[in-house]
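> Dropping a prediction and its sequence here:
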Amino acid sequence: MIFRVVIMAGTESIITPEGVLMLGSLLLGVGLTYLFARAVYNVYFHPLSSFPGPRLAAASELTKSYYGARGRMIPWVQALHQQYGEVVRIGPNELSFITDSAWKDIYMHRPQFPKHFNFTNPNETDALISADDASHSRQRRLLAHAFSDKAIREQEALLHVYVDLLVSKLQEESHARDGVVDLVDWYRYTTFDVIADLCFGESFHSLENKVEHAWVSSIYSSMKATHFLDIAARFPMLRVIIRLGMPFLRRQREQSFKYPQKKVTARLNRETDRPDFMSYILRYNDEKGVTRDEIDSNFETFTIAGSDTTATLMMGCTYHLLQNPKVLERLNAEVRTIFDSAQDIKLAALGKMPYLIAVLEESLRIHPPVPGGFGRRVLPEGATISGRWVPGGTAVNIPQKAANVSHHNFAEANSFIPERWLEVHDPIFDNDRKGVVQPFSAGPRNCLGKNLAIAEMRIILAKMIWHFDMELMNVDKDWTDQRLFVLPESKPLLVKLKPRVL
């Protein structure tokens with residue numbers, strides 16, 4: 001008998017401590033039995049049981065969550081693919097692929113696979129990143145005008161303004177502290193100032209003030225908090241943390257969201273002859289276009305997606321260039337031979353520079369700005385991915401870092417060799433699966449800002465090479481060994497700058 005009830009005259013029944021202990025033991029036993037049975041089912045009888053991968057990861061969400069909480073998902077998944085091959089089961093209901101064919105099967109499938117998760121902004125309006133298919137198509141049709149080739153040509157002058165300001169500030173910094181600067185900060189200042197000006201008609205003034213804007217810092221903090229809440233949500237017993245944390249996070253998000261709303265209002269009330277995102281929206285918007293709430297939601301998304309990723313790429317590009325002197329020497333020769341002055345550096349000319357383009361392509365391969373990829377969930381009817389049948393409801397992903405540096409896809413995969421992207425290259429690279437490198441994703445939901453990002457990268461790289469001789473100072477550390485909490489946590493990139501004497 002679980003409870004021993006003592007009945008006393010004139011008193012109520014009392015549950016004894018021994019009974020409570022017995023009940024607790026019973027519940028604990030039931031719980032452990034359920035978890036054990038669930039783990040056995042996941043490993044041996046689950047529809048994904050035939051896919052290779054570590055049994056601990058298949059048994060429960062604990063293994064994946066452990067690496068996620070430590071920010072070490074990328075090296076863990078990379079090691080799994082080295083051990084198990086091109087498709088790995090990394091969770092009870094999740095598969096990781098690193099084949100080029102998986103891009104077509106996952107991201108170009110019709111109808112589209114939904115994302116792993118979606119979120120709604122404080123104004124309860126979806127931006128492109130989280131909108132359903134119909135809303136996404138409608139919004140993208142209008143917003144694409146702001147990112148077209150024509151738009152980039154019209155916005156080029158603005159890009160040069162901020163890159164020239166970057167160069168000017170770095171020239172000042174090069175005369176202090178022995179010329180050593182942290183380019184992580186400076187690349188972020190530049191890309192955030194650019195995107196703020198394009199979204200809101202004025203920059204964050206980070207380059208001028210030499211400090212990250214407070215709103216940007218709050219967004220980073222919010223995204224990191226969301227990362228940990230997402231991990232907690234995988235475990236029913238931890239969902240109390242979400243219930244406790246969500247009200248605070250929601251208030252923080254609501255407060256943070258007021259800033260882009262205020263900036264959008266100010267931009268709408270201000271006339272300008274200079275082309276920015278809003279000028280294209282106002283020019284082409286109609287009843288089938290976007291609402292004010294959708295503008296607010298998208299401009300907040302653009303601010304992060306259109307800046308941190310470009311800055312991250314430039315950090316990786318600079319690091320690998322300075323780690324490979326022969327590559328840097330060849331790029332220096334190309335840039336400094338083609339252009340007689342910095343004023344001659346224009347996008348039209350940069351588009352005809354094969355080695356500079358190859359350096360950026362190799363940087364996108366070996367240091368992708370979104371190393372974890374873009375998660376999706378298979379439709380209920382299931383699908384064939386990379387030649388394997390995958391049941392409906394399965395979470396699937398292509399972890400870009402793991403795919404891009406896999407020996408399955410590239411010769412000398414961990415070496416920074418831009419020559420592999422040139423038309424004339426060593427035959428050893430003939431079998432490289434270049435199609436696996438998709439830093440801007442693929443399909444109807446690929447990155448809308450690809451043209452802008454490429455333009456920024458080319459201008460920043462060319463002008464940095466033109467104006468400075470550079471030397472990496474923290475050579476004793478592997479700068480690429482970074483933790484990931486939604487976005488990479490970039491460590492300081494200390495570079496000694498020496499302005500060229502022209």
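Okay, I see it. Numbering: from 1, shown residues only.

> how about Ala453, phi and psi?
With angles defined as degrees, to the nearest 10, Ala453 sits at phi -60, psi -40.

> That one: what's it in contact with?
Contact analysis of Ala453 by CB atoms under 8 Å, 6 or more residues apart in numbering lists Gly306, Thr309, Thr310, Leu313, Phe440, Cys447. Heads up, the C-betas are built off the backbone N, CA and C, glycines and all.

> just Ile385 next, same as before
So Ile385 contacts Val87, Leu95, Phe97, Ala102, Asp105, Ile106, Val378, Val396 (CB under 8 Å, 6+ apart).

> And Lys491, how far from Lys498?
23 Å (CB to CB, to the nearest Å).

> So these two - more neighbours on which side?
Lys491 (18 against 12; other CB atoms under 10 Å).

> For the residue nearest to the more buried one when sequence neighbours are not counted, give me phi and psi.
Counting by CB to CB, 6 or more residues apart in numbering, Lys491 lies nearest to Trp479, which is 5.8 Å off, once chain neighbours are set aside. The phi/psi pair for Trp479 (degrees, to the nearest 10) reads phi -60, psi -30.

> unless I'm mixing things up, Trp479 is touching Tyr319, no?
Yes. Between Trp479 and Tyr319 there is a contact at 5.1 Å, judged by CB atoms under 8 Å.

> the more surrounded of those two?
A count of neighbours by other CB under 10 Å puts Tyr319 above the other of Trp479 and Tyr319, at 25 against 22.

> wait, what's in contact with the more buried one?
His367, Leu472, Trp479, Thr480, Leu493.

> that older thread, how about the contacts of Ala453 in CSV, adding neighbour count?
Listed next are these as CSV, based on neighbours: other CB atoms under 10 Å:
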residue, neighbour count
Gly306, 25
Thr309, 21
Thr310, 26
Leu313, 26
Phe440, 18
Cys447, 21
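
> which one of those is nearest Pro111?
Using CB to CB, Cys447 is the member of the contacts of Ala453 that sits closest to Pro111, with 20.7 Å.

> Need phi/psi at the closest one.
phi -70, psi 120.

> Ends of stretch 171-183, what's the gap?
13 Å (CA to CA, to the nearest Å).

> could you pull out the strands for the chain?
5-6, 14-15, 87-91, 94-97, 180-182, 376-377, 383-385, 388-390, 395-397, 468-472, 483-485, 487-489, 494-499 (DSSP state E).

> how about these, which one is nearest Lys263?
Comparing those by CB to CB, strand 487-489 comes nearest, at 21.7 Å.

> What pairs with the closest one, parallel or antiparallel?
Sheet pairing of strand 487-489 (DSSP bridges) gives strand 483-485 (antiparallel).

> Now do the partner strand: distance to the chain's middle.
Averaged C-alpha coordinates place strand 483-485 at 10 Å from its chain's average position (CA atoms, centre = their mean, to the nearest Å).

> Give the buried residues for it.
For strand 483-485, the buried set under the neighbour-count rule, 16 or more other CB atoms under 10 Å, comprises Leu484, Phe485.

> next one: stretch 287-307
289-290, 294-307.

> same thing with stretch 464-482?
Applying 16+ other CB under 10 Å to stretch 464-482 flags Met464, Ile465, Trp466, His467, Phe468, Met470, Leu472, Met473, Trp479, Thr480, Gln482 as buried.

> same thing with stretch 191-209?
For stretch 191-209, by 16+ other CB under 10 Å, it's 191-201, 203-204, 206-207.

> Contacts only, for Ala395.
Counted by CB under 8 Å, 6+ apart, Ala395 has contacts Gly91, Asn93, Glu94, Leu95, His116, Gly375, Arg376, Arg377, Val378.

> If we use 10 Å, what do you get?
90-96, 113, 115-117, 375-378 (CB atoms under 10 Å, 6 or more residues apart in numbering).

> who's the spatially closest residue to it that is not a sequence neighbour bridged to?
Distances taken as CB to CB, 6+ apart put Glu94 closest to Ala395, at 4.0 Å, once the chain neighbours are dropped. Taking DSSP bridges as the rule, Glu94 bridges to Gly91, Ala395.

> May I see the buried residues of the top helix by length along the chain?
The longest helix of the chain (DSSP state H) is helix 239-268. Within helix 239-268, the residues scored as buried using 16+ other CB under 10 Å are Arg253, Ser256, Phe257, Tyr259, Pro260, Gln261, Lys263, Val264, Arg267.

> And for stretch 129-142?
Under 16+ other CB under 10 Å, the buried positions of stretch 129-142 are Ile129, Ser130, Ala131, Ser135, His136, Gln139, Arg140, Leu142.

> tell me the two of the residues you listed that are most distant?
Ser130 and Leu142 (17.1 Å).

> Now for Glu61: which residues touch it?
Glu61 neighbours (CB under 10 Å, 6+ apart): Asn42, Gly68, Gly91, Pro92, Asn93, Glu94, Ile231, Ala233, Arg234, Phe235.

> Listing request: residues of the stretch 201-350 of the chain with sub-threshold pLDDT.
241, 245-246 (pLDDT under 70).

> give me every residue that touches Ala225.
Gly245, Phe248, Leu249, Gln252, Arg253, Phe485, Val486.

> out of those, who's nearest Leu350?
For the contacts of Ala225, the nearest to Leu350 is Val486 (31.0 Å; CB to CB).

> What about the contacts of Ile385, which one has the most neighbours?
Ile106 (28 neighbours).

> any idea how far it is from Ser137?
Ile106 is 19 Å from Ser137, by CB to CB.

> now Gln323
Taking CB to CB, one finds Gln323 at 43 Å from Ser137.

> Spatially nearest residue to the residue most central in space within the chain (excluding sequence neighbours)?
Centroid-nearest residue in the chain: Val370, 3.3 Å away (criterion: CA atoms, centre = their mean). Nearest in space to Val370, with sequence neighbours left out and distances taken as CB to CB, 6+ apart, is Gln400 at 6.2 Å.

> can you tell me which residues contact that neighbour?
74, 98, 364-365, 367-374, 436-439, 441.

> cool, Gln155 as well?
Gln155 neighbours (CB under 10 Å, 6+ apart): 146-147, 194, 197-198, 274-277, 280, 451-452, 455.

> Switch the residues you listed over to TSV; also include distance to Asp182.
Converted to TSV, the contacts of Gln155 look like this (distance: CB to CB, whole Å):
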residue	distance to Asp182
Ala146	32
Phe147	30
Val194	19
Asp197	23
Leu198	25
Arg274	31
Pro275	33
Asp276	29
Phe277	30
Tyr280	35
Asn451	29
Leu452	25
Ala455	25
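
> are any of the residues you listed buried, and which?
Among those, those classed as buried by 16+ other CB under 10 Å are Ala146, Phe147, Val194, Asp197, Leu198, Pro275, Asp276, Phe277, Tyr280, Asn451, Leu452, Ala455.

> correct me, but the fourth one touches Met278?
I take that to be Asp197. No. Under the criterion of CB atoms under 10 Å, Asp197 makes no contact with Met278, lying 11.0 Å away.

> Distance from the chain centre to stretch 489-502, please.
Here stretch 489-502 is found 24 Å from its chain centre; the criterion is CA atoms, centre = their mean.

> Understood, closing this out.
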